Each structure stands twice: as structure tokens, then as C-alpha cells.
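>>> Fold the following for me, if possible:
(chains A and B)
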Protein chains: 2
Amino acid sequence: MAVRIGLVGTGTVGGGCLDILNNHKEDFKRHYGIDLELVRVCSLDRSEAEAHGVGDLFTDDFHEIINDPSIDLVIELIGGTGVAHAIVTEALKAGKNVVTANKALMATAGEEIFRLADEAGVEIAFEASVGGGIPIIDPMKHSLISNEISSVLGIVNGTTNYMLTRMDEDGMSYDDVLAEAQAHGFAEADPTADVDGFDAAAKIAILASIAFNSRVVMGDVSTEGIRGIQPIDLKTANDMGYAVKLLALAHRLDEGIDVRVHPTMIPKKHQLAHVNGVDNAIYVTGDAVGETMFFGAGAGAGPAASAVMGDVLEVARPITMGVPPIVGCTCTDELPIVPMDNLVTRYYIRLVVPDRTGVLATAAEVFARHDVSLRSVSQEGTRERDAVNLIFITHTAQEKNIRAALAELSDMQDMLIVEPTVIRVED
Amino acid sequence: MAVRIGLVGTGTVGGGCLDILNNHKEDFKRHYGIDLELVRVCSLDRSEAEAHGVGDLFTDDFHEIINDPSIDLVIELIGGTGVAHAIVTEALKAGKNVVTANKALMATAGEEIFRLADEAGVEIAFEASVGGGIPIIDPMKHSLISNEISSVLGIVNGTTNYMLTRMDEDGMSYDDVLAEAQAHGFAEADPTADVDGFDAAAKIAILASIAFNSRVVMGDVSTEGIRGIQPIDLKTANDMGYAVKLLALAHRLDEGIDVRVHPTMIPKKHQLAHVNGVDNAIYVTGDAVGETMFFGAGAGAGPAASAVMGDVLEVARPITMGVPPIVGCTCTDELPIVPMDNLVTRYYIRLVVPDRTGVLATAAEVFARHDVSLRSVSQEGTRERDAVNLIFITHTAQEKNIRAALAELSDMQDMLIVEPTVIRVED
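Numbering: from 1, shown residues only, chains lettered A, B, ... in the order given. Just a heads-up that it's a prediction; the model follows:
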């Protein structure tokens, strides 16, 4: 029995999916006995759809897919939480299986979506929402489920990883490297979602939910981006034996789930330190498996389409066999989110201050008063004649105290010239 | 409905599985609705079984498991192709699902085992047979199936990777590092299966079969081990910008499947070059996903048991739901194996020869006569006063010609003092 598919969205990922279907439809039948039949393609851009030979299957109204009772499976690839939310929820309510690459939707409306899928007795799959083509959701929902997962650390945003790599290797400034990334198409005209860490936050919310069997939403994730990072930070980290990465981190603690996104120093001998450019990697630690890592291209037509079509084939198996979905929602626990203030770690802090006697002493005094013990302080020049960088490495300190100290320094007259740069150390 | 399990083998991996069952049985029920009930444990060593609290479930006769009609699933963890073959095939014939960690069995009798499973309408799963706890078989059978896989490159033997890492980092000789690995329990008293590449050959046969949808058996794999490798080879590779790894390689070519195991130089910037010690990694390239890598501990009680119990839970899902197995054998094609003689690559060749004028010229002449073009030749001392190392780096050459040249050199009087060391270059 053919599995009848409606696809919504013919951009990069949608186009990649259409190409895979065109190239491998017969292989899927021969190898896996799965007959995928594309019956409707919805897009706002007819020429984009035509470029992949969509022909008569074209529509610009997604309701034609939702309302077609012969369609078994809807692929949603338009992204965002507006129309995409309507498409996914209406498809599920209409009893259709859904495959999506939509991280923002899954990280905000996951609970509703899983509930609707469960009520309709259909599957919702979303491997492409994290790490492009890297298999990570499927391994966490299958191969690794005999483990209690203690942490998930991910380089899950290719744009910022590219920027940090270029800053590190070529000493380029933040502004120059952003402009270059935009020119290469690695960064959007409005880079906020990437550079401020929101894209990574959605992804770690999804991964944490699966890893810890407890719903984590995007709003639970303490998020800091890379806007404050400059080559001097990477150089200093290098000298200390560390690489700087925008890490998405989720830890299972006795008190609950600690989940955050921020620039992080990791030892150079760690596998994640070698993940450069637009590549992504997710590092998972479990009580039995120990440490394991999944690496690959985090974005692009091919990789994302590989993940989407892998899900489509997976969802098509039970449909073909006429059996119910195999795996539903696995968020069976309700673990609390640990406040970021409770974090205890080591910190790299760079302050840009006026080049004036006594500033270093003042800053050190503020840290001391907030129980932040300093391991080292150094002073480095800046491009401006009247400003210097003060670089502090702390001993283990508490986030709450770091924040209080930085707030006090920010409030002082003639002290901080720009916002402080904070990099947490993960050993 | 509980899934009733019989486990055979209570060594390292079996013990790890019993621990996981003891620790997480209730979690599996709560998170996944899967109730695993251990009903019989077979071992030749009662005290080993007792150490994991087996109690009354103990037997020393595996037929008590095969002949118990209430048992749904048999876990085979004794290894080898003798009794293990009987256990697996008889369990399948008795209509029981089977999970095994047995690479040798799957790489030699895979076709028979899949046929028996298919006839009985049950599952056979073997994630732990390759890469310890690293999810690799499951991702290749699920997440990545929308791809045509073009190559699989694996560091799949922890013993030899540990030895090569120590030789590289500490300049230890082959004999010293083998003795150390044996003392640490990383190498067997008889290290043949590891150091001669047979363990890796079984694993790449399994991976190639899945990647290319065509049965590859251990005997199809051209296999060379690391016995000839010495620190000088690693040092020279290092100077050239390469790491030396015992790679298991499978490539899909127009002519068929090229599958082999041998010491290999890989560029230091490649992810696999950073996989050190007993860690394993498998690097998979597909037409959509591009390049992706799976990394982790390749052996040990926890990692292997993680993979076995992941399989057990996966196989338990359809049993719990009362539906037939989801994925059977995927070897639907019959691709030919490309003879090793056809290989065209670059070679590093080290000859240990008498320290005598004219030897280098003679060797160079033999290579030239066999159409092997040399890119560089250098001479390095050895520990022996009368012998020197001649190190040749070739331009692209054909395996057949390399072998003919080396055979001719071996046949010459007073020429080679030991067998030549050959390292192929993978760029």
C-alpha cells in the first residue's frame, strides 16, 4: 500500500526532500518495501516548486492537503510558529501523521502537538529540528534508551560556530565575521536567532525533553549569545588550553534540569573542541554508554532533507504494515528547571574599562565583596587608546554572585565602557 | 504484557545488562510502557551470575531457555561462532526474538540468521556487534535510510587504536605497547583478532551490508593488521600532517563494494584523526546527509550493555504492542566485491634493509619497473647498526603493482630484513 504524502514548503529543505523522492523512490520500494507517493505540494512560490518537477501536484492552499482524506502523512517545512502551527495541529486533528523540521514549534508547542498525535493515533517526527542531518533524536529515542542520560552538550548552531572558528583561526572581529557569514549565506540579514542563542535554545529544549523524559520548553532555557565575543577572548582561551564554543547544555542534577545556552570554554582535548566551521555535534553522556558524540553538517538542503526523509520512511513503516505508531511522547516525568542563579562553575570575564589607575583594584574589590574568588587578572590593550581589557579568571563561583558583581560594576560611573563578556568554563 | 527474557552469557557484557535491568526496569515501564521480565539466565559460571543477583533464574543449559515457550526474547552474549550459532539459530527456529553482540556470528552467518528470523516472524538485533555503545547500526537502518551511502570509515577496534595512540604520543615500540595493553586488559593474551585486523573486518562486513543493502561477509574483507607499525611510521606520518589509524573502510564504487581493513594515514584535520585511545568512531558519507560521524567508547561492560539493552527495548516494543517486527533484512541487492588489486591510492612504504650502498637504487628501480612512481624517498636509522629504514611515499599507484614490487623485493637475496610496512593514504 502506498503511503500518500502532502508536502508544505518548497524552500531549501523542501526542495531537498523533493530531490530525494525523485532520486530514491524506487530504492525505498526495493530495499524497505515502502512506497512513498507524493500527492500534493503546497508552496507560496510556484516557480520554486516547479524547479523540482512538482507539476500538477502544486497548490498554494495547505487546506487542500489537510482536507484530502487520502493523505496519510504531512511534511511541514515552512518553519515558524504561525501558519506552521496551524498546519501541524490541523493535520494531526485530521488524523494525519506529521513530519516536521520545525524546532521553534516543537520547542514551544511540543506538549500540545504530542497530545494531538496521541489522540489521533498518529506519529509526529522531527529529527531535522536539531543538528541538520545528524541522527540524534532517533538514537536518543531508541539506541540510548536503556541509559539514564546525565548530560547533553551541543554545538547546534552552525552560524555561530562558523563565526567563532573564523575569529579563532583568523583573528577577525565580530563585526567583520558576521558580515562575511551573511555574505556566504551562513547568517541571516537579521542574525538575532543565531547570534543571541535562540536557535540553540529551541534545540536544547527539544533534546533535554527527550534525554530526561520531562518536557523542557524554549522559555526554560537561560540563553546568552556571542555578541560580546572578540578575538582576544579566543586567543586568551587558546593560551589557557581551551576552545570557545556556543554550547547548548542540559544537565540532569539532583534538583532538576539545568539547561542553558552560552559561550563556553571547553578543553582542547575534548572532542567538541574539534568541531569547527558550520559543523554541528551533540555530546551525550549516559550511565551505561558513557560518552558518545554525533557529528555532521548542521544545516543545508541535503542534510536537513536526509533527516526529514528518514523520518518519513520511519513513519511510513507502520502505515505500510497497518499497525499503530510505535513511539509516542516519552515525557513521563515532570522535573523542575534549576534556576541559572544556582549554577556553580568557573568564569572568564572580560571588562572593557577606562585606562586609569585604580580601576582594576575597584573591580577586584567588587568581585571579592560578592564572594567571587579570582584566580588570575590580566590587562590587555584594546584598539582604543583610552580603554583597556581587564580579563578575570575566577575560581569556582556562583552565578548569582557573578551577576550581582557585574550589575554593581555596570552601575558605577565611568567604569564599564561596554557590556561585560562572560564565558563559562565546562571541564 | 511483560516481555519475557532469557539471557545467555554472564561475562562483562552480560553482567552489564543484568545491572541495567536491575537499575532501570521501573524506568522502562514508566517512560516507555515496556515491562522487561528476566526469566532465565544461562552461564557456565554460577558465581559470575550470582554476582548480579540472578538467584533461582540460573541455569547452565541453554536448552532450558530455547525450550521454554513462555520466553519471547533471547539475549546471546557468549560470543564466537560455535555454541553461539546454535543458541541463536535454535532460538529463532523456536520463534524467539534474538538480540546479540556477536560480530563474528553476524559477519559470517548473517544471511542464515536473517532468513531464520524472517521465517519465524521475529526480530534479530545486533547493535552491540559494532562500536560498543555507539549507536551506528540503528541510525544506518533508520535515520540515514533516505541516503545512498557512498562510504563508511571506522575506527572500530579499541585495542589497536590504543596501541597506535600510545606509539604516537609516547614513542613506545609495538612490543612494549602490546604488553602494556595486555596488562591493562585492553588486549587479549592472544591478540591476533585485534592486531591482525580480524575484529575490525567482522565489523566493517556488518556495516557495509547495511550501508549498501548487499550482503558482505568477513571473508570479503581484505585485511591487514598493525604488526608492522613502529613509532617511526607515526612520526613520519605526523611530519606529513597525517595520523595513522587502523581503519575499516567500505566504499561503494561503480564496479561494486570495496571493503578492507588496514593501517591508514588520514589528514590530521579529519575528525577521525582526533579519535584516540580505546575510543571508536564511525564516519558515514551519504548523498544527502554529507559527512556524519558517530563517536564513543568501543568496548566495556557499560557501553556494550547499553547497546544490547537498547536493542532489547526496541525489540520489546512490537512484542508489547502485539505487532510483527518492523525492520527485517535490508540486503536486497547483490553487489560484487571489488578485488583489492584494483585499489588505486597513495602509499607509505617502509623497508628495513641492510645499510649498504646501492640498496636504495635497487628498490627504486623495482618500484619504477612496476609502474609505481615515487614522490619521496628518505633514509632513517634503526636500532640495529647494520640496518636502515627506507621510507617511500608514492604518487597514486595501483595495489596490484605495489604488491608485485614488494613481492619481488622480498624474493631478492640480502634485501628486506623484515616484512615491509605498508600504510595506505586516505585523503
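>>> Going along the chain, name the helices of chain A.
For chain A, the helices defined by DSSP state H occupy A:12-32, A:46-50, A:63-66, A:83-93, A:103-120, A:137-141, A:158-170, A:174-184, A:192-195, A:198-212, A:231-240, A:301-321, A:359-369, A:399-411.
>>> Output those helices as CSV; include the columns distance to B:His184 and mean neighbour count.
Any C-beta I mention is one placed from the backbone N, CA and C, and that applies to glycine too. Listed next are the helices of chain A as CSV, based on distance: least, Cβ to Cβ, whole Å; neighbours: other Cβ atoms under 10 Å in any protein chain shown:
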stretch, distance to B:His184, mean neighbour count
helix A:12-32, 42, 19
helix A:46-50, 58, 15
helix A:63-66, 59, 18
helix A:83-93, 52, 21
helix A:103-120, 43, 20
helix A:137-141, 29, 23
helix A:158-170, 36, 22
helix A:174-184, 45, 16
helix A:192-195, 45, 20
helix A:198-212, 32, 27
helix A:231-240, 31, 18
helix A:301-321, 39, 25
helix A:359-369, 45, 16
helix A:399-411, 40, 17
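>>> Dump those helices into CSV; add mean pLDDT and distance to B:Pro303 as well.
Converted to CSV, the helices of chain A look like this (pLDDT from 0 to 100; distance: least, Cβ to Cβ, whole Å):
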stretch, mean pLDDT, distance to B:Pro303
helix A:12-32, 96, 29
helix A:46-50, 94, 45
helix A:63-66, 98, 44
helix A:83-93, 98, 37
helix A:103-120, 97, 29
helix A:137-141, 97, 14
helix A:158-170, 96, 28
helix A:174-184, 94, 38
helix A:192-195, 96, 34
helix A:198-212, 98, 17
helix A:231-240, 96, 31
helix A:301-321, 96, 24
helix A:359-369, 96, 42
helix A:399-411, 97, 33
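>>> Of all these, which one comes closest to B:Gly11?
helix A:137-141 (25.8 Å; Cβ to Cβ).
>>> Residues contacting the closest one, please?
For helix A:137-141, the surrounding residues in contact (Cβ atoms under 8 Å, 6 or more residues apart in numbering or on different chains) are A:126-127, A:129-130, A:149, A:206-207, A:210-211, A:284, A:294, A:310, A:314, A:327, A:330, B:135, B:138-139, B:142-143.
>>> repeat for stretch A:50-67
A:6, A:8, A:10, A:15, A:18-19, A:22, A:38-44, A:46, A:49, A:71, A:74, A:83, A:86-87, A:90-91, A:94, A:96.
>>> Intersect the residues you listed with the contacts of chain B.
For chain B, the contacts drawn from the contacts of stretch A:50-67 by Cβ under 8 Å from any Cβ of the partner chain are A:Asp19.
>>> Spell out which residues sit in contact with A:Ile266, please.
Neighbour list for A:Ile266: A:242-243, A:245, A:247, A:272-273, A:426 [criterion: Cβ under 8 Å, 6+ apart].
>>> which bits of the stretch 301-427 of chain A sit near chain B?
A:302-303, A:305-310, A:312-314, A:317-318, A:321, A:323-324, A:326-327, A:330, A:332-333.
>>> What does the residue located most distally from the centre of chain A show for phi and psi?
Within chain A, A:Thr357 marks the point farthest from the mean C-alpha position, 43.1 Å out by Cα atoms, centre = their mean. Per-residue torsions, A:Thr357: phi -60, psi 140 (degrees, to the nearest 10).
>>> Then A:Gly185?
The phi/psi pair for A:Gly185 (degrees, to the nearest 10) is phi 80, psi 10.
>>> Quick check: it vs B:Asp61, distance?
65 Å (Cβ to Cβ, to the nearest Å).
>>> what's the answer for A:Val388, then?
Taking Cβ to Cβ as the measure, A:Val388 falls 78 Å from B:Asp61.
>>> same check, this time on A:Lys268
Counting by Cβ to Cβ, the gap from A:Lys268 to B:Asp61 is 54 Å.
>>> Settle it for me: which of those two has more neighbours?
Between A:Lys268 and B:Asp61, counting by other Cβ atoms under 10 Å in any protein chain shown, A:Lys268 is the more crowded of the two (13 against 10).
>>> Return the residues in contact with that one.
The contact partners of A:Lys268, taken as Cβ under 8 Å, 6+ apart, are A:241-243.
>>> Which ones among the residues you listed lie within strands?
A:242-243 (DSSP state E).
>>> Now the buried members of the contacts of A:Lys268.
A:242-243 (16 or more other Cβ atoms under 10 Å in any protein chain shown).
>>> Export the contacts of A:Lys268 as JSON lines, with columns for distance to B:Gly121 and pLDDT.
Listed next are the contacts of A:Lys268 as JSON lines, based on distance: Cβ to Cβ, whole Å; pLDDT from 0 to 100:
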{"residue": "A:Gly241", "distance to B:Gly121": "56", "pLDDT": "96"}
{"residue": "A:Tyr242", "distance to B:Gly121": "54", "pLDDT": "97"}
{"residue": "A:Ala243", "distance to B:Gly121": "51", "pLDDT": "97"}
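>>> Distance to chain B added to the contacts of A:Lys268, as JSON lines?
Shown next, in JSON lines, are these (distance: Cβ to the nearest Cβ, whole Å):
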{"residue": "A:Gly241", "distance to chain B": "15"}
{"residue": "A:Tyr242", "distance to chain B": "16"}
{"residue": "A:Ala243", "distance to chain B": "12"}
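>>> The stretch 101-250 of chain A against chain B: which residues are in contact?
Within the stretch 101-250 of chain A, the residues that sit near chain B (Cβ under 8 Å from any Cβ) are A:127, A:133-135, A:138-139, A:142-148, A:213.
>>> PyMOL command for the buried members of those residues?
Here is the PyMOL command that selects the buried residues among those (16+ other Cβ under 10 Å):
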select buried, chain A and resi 127+133+134+135+138+139+142+143+144+145+146+147+213
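>>> Farthest-apart pair in the residues of the stretch 101-250 of chain A next to chain B, please.
Farthest pair in these (Cβ to Cβ) is A:Gly133 and A:Glu148. Separation: 27.4 Å.
>>> Quick check: chain neighbours aside, which residue is closest to A:Gly79?
Nearest residue to A:Gly79, sequence neighbours excluded (Cβ to Cβ, 6 or more residues apart in numbering or on different chains): A:Asn102, at 5.6 Å.
>>> and that neighbour, what pLDDT?
Per-residue pLDDT puts A:Asn102 at 97.
>>> Give me the neighbour count for it.
Applying other Cβ under 10 Å, I find that A:Asn102 has 26 neighbouring residues.
>>> Tally up the residues packed near A:Ala189, please.
A:Ala189: 5 neighbours (other Cβ under 10 Å).
>>> Contacts only, for it.
A:Gln182.
>>> now stretch A:296-313: how far from the chain's centre is it?
Relative to its parent chain, stretch A:296-313 has a centroid offset of 15 Å by Cα atoms, centre = their mean, to the nearest Å.
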